Each structure stands twice: as C-alpha cells, then as structure tokens.
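Colleague: can you look at this prediction? I've put the sequence above it.
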Amino acid sequence: GAVVSQHPSRVICKSGTSVKIECRSLDFQATTMFWYRQFPKKSLMLMATSNEGSKATYEQGVEKDKFLINHASLTLSTLTVTSAHPEDSSFYICSAKDAGQGAGEQYFGPGTRLTVT
Amino acid sequence: GQSLEQPSEVTAVEGAIVQINCTYQTSGFYGLSWYQQHDGGAPTFLSYNALDGLEETGRFSSFLSRSDSYGYLLLQELQMKDSASYFCAALSGSARQLTFGSGTQLTVLP
C-alpha cells in the first residue's frame, strides 16, 4: 500500500524558534495533502488543506502566519511552526490522497511529536 | 459547522462483538469513514460508506444511514490487538476533507 512519511518523528525546540515538518508521499503523487494536530487522547483536528502549486486553505481559527504550509511538489508538503510556544506542543499528522484511492480513504503519516520548552 | 458524536469508551472481552455508533451533522456530506489508531501511531483506514447499508471487510463491518445521519462500526471476534481508538470521520467539502469524531477508546479484555 501507499506510504506517507513524516520527518522528524520527534522534535524538541525552545520557545521562539521555528520548526519545519516534512510530509512526503513515497510511491504516489498527491495533489492534496492535509495537516492535522492531535492532543493526547483527543481527536484529530484539521488545520489546513495543502494544494500543490497553490496556497493552503486554513480551517477557522488556525493562524496562517503561524503555521506556514508549502506544497512545493506532488510528493512533498511542509508545515513550519513559526515562533513556537509551549501551547504549540502537540502531535502533528499529515495525510495524503492517492488518485486511485476510494473517496473516504487517506494515507496518514506516522506523525511528528513537537515539544516546545 | 461539522460535528460527530461517538462514545468515548467501550470495553469488551476477547471473542465478543462490539458496535461503535456515530452520529453526525455536516454540510456537503459525501460519506462516512472509520479509522483505527493505536497509541502513538498513525490512523489507519478501516472502511468508507458513501451509500446506505452495510459494508463488510473481514471481521469489521460498517453501516451508514444517510437519512438518520448515523453510522456504526461493528467489530466481530474481538482480539486483544483490536484495543485502540476508533474514529468516525465525515467526508465533506470541495476538497473532500475529513472531519473526525472525538474517538472511541476500545479496550479488549482477556
């Protein structure tokens, strides 16, 4: 099956620094990727929809200047958490859709656990 | 807005059958998906219902009633490895994005 990778899997950074998370579709092209964040024992909250070659669409309440998304190619989307603060600590997960997949199916990356100290 | 309701916890014993219900309120609804997530892991796709009725995939089945805005996931012959969180997710919108429910923590006891 299709694989989506994320890098890094875990990152600890100091408050005020920026962190970049990469999401790659390894064996398929994804015109659309999605970014979620998940707090412990909670649901996945959609942050934004990343479209290759165009601006991301952010969900209500998500600051686009805080969470920069770049979908530079059909296999790579990046999420940059700018000027991170402790409240940004969370589990960030990306997903991607393969054109051959069923409508309701997305492939999820393994997630990136961000800890801001 | 979009919202999905599902029970927070379910406990059952090995070999049993368990049903996890999900009710939803969404606009532009296309269908209902189910995902499994083990602690610290990525969600994995289980099933998707676009039409009313029952979809069966091995030990797991999923049901949808669009008129009732209701679906469920049925897990049969429970195994210890089935202990995980299960999320229903509504597919909607022009970008076909998923909106997830709050998740049901299933604990399978020996």
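Modeller: Happy to help now that I have it. Numbers count the residues shown, from 1 in each chain, chains lettered A, B, ... in the order given.

Colleague: how about the residues of chain A near chain B?
Modeller: Residues of chain A lying near chain B by C-beta under 8 Å from any C-beta of the partner chain: A:32, A:34, A:36, A:41-46, A:49, A:51, A:57, A:93, A:95, A:97, A:102-111. Yep, even glycine has a C-beta here, placed from its N, CA and C like the rest.

Colleague: partners of the nearest residue to residue A:84 once chain neighbours are set aside in the sheet?
Modeller: Using C-beta to C-beta, 6 or more residues apart in numbering or on different chains and skipping the chain neighbours, the partner closest in space to residue A:84 is residue A:116 (4.5 Å). The partner list for residue A:116 in beta bridges (DSSP bridges) reads residue A:13.

Colleague: neighbours around residue A:116, how many?
Modeller: Neighbour count for residue A:116, taken as other C-beta atoms under 10 Å in any protein chain shown: 20.

Colleague: where does pLDDT dip in the chain?
Modeller: No chain specified, so I'll use chain A. A:1-2 (pLDDT under 70).

Colleague: not quite, I wanted chain B
Modeller: Applying pLDDT under 70 to chain B flags residues B:1.

Colleague: which residue packs closest to the residue of chain B found nearest chain A, ignoring adjacent ones?
Modeller: Taking C-beta to the nearest C-beta, chain A has its nearest neighbour within chain B at residue B:48, 3.1 Å off. Once flanking residues are discounted, residue B:48 sits nearest to residue A:104: 3.1 Å by C-beta to C-beta, 6+ apart.

Colleague: just to confirm, which helix or strand has that neighbour in it?
Modeller: For residue A:104, there is no enclosing helix or strand under DSSP states H and E.

Colleague: next, count neighbours for it.
Modeller: For residue A:104, using other C-beta under 10 Å, the count is 22.
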